[in-house]
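S.K.: compute the structure for the input listed below.
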Amino acid sequence: MSAQTKPSFESLLNESNVPVLVDFWAEWCGPCKMMNPVLKQVAEKYAGKLKIIKVNVDQNPAAAAHYGIQSIPTLMLFHKGKTLMELKGAMPFNQLQAQLDLRLERL
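M.R.: Here you go, the predicted model:
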């Protein structure tokens with residue numbers, strides 16, 4: 001998982017060969033911190049099948065505004081620049097896994 005700036009963020013969403021899960025978060029957000037271990041589990045389970053990047057909405061307000069992020073954490077799944085999924089709020093691994101599997105099996 002890595003932090004991204006907007007130019008490389010946009011190119012990653014459009015050029016990645018695998019889907020990209022974007023975590024819109026902020027340092028002060030408690031539910032965002034709760035998602036960190038869940039995202040680590042996702043990174044391990046979907047290694048090679050999915051990229052995860054974190055976008056700090058305080059450091060990247062333009063990216064947050066572009067995607068209409070009004071609450072955090074917000075997770076968005078992209079493939080070849082298209083939005084496949086948007087989930088708001090903290091959730092357990094099982095719930096996120098079910099949502100990811102639903103979208104990834106269609107690709």
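
S.K.: contacts only, for the residue nearest the centre of the chain.
M.R.: Nearest to the geometric centre of the chain sits residue 22, at 1.9 Å (C-alpha atoms, centre = their mean). With contact taken as C-beta atoms under 8 Å, 6 or more residues apart in numbering, residue 22 is in contact with 9, 13, 52-55, 75-78. All C-beta spots, glycine's among them, are computed from the backbone N, C-alpha and C.

S.K.: what's the spacing between residue 65 and residue 16?
M.R.: 22 Å (C-beta to C-beta, to the nearest Å).

S.K.: these two: which has the busier surroundings?
M.R.: Here residue 65 and residue 16 are compared on neighbour count by other C-beta atoms under 10 Å; more neighbours surround residue 16, at 16 against 11.

S.K.: which residues touch the more buried one?
M.R.: 51, 78-80.

S.K.: how about a cut-off of 6 Å?
M.R.: residue 51 (C-beta atoms under 6 Å, 6 or more residues apart in numbering).
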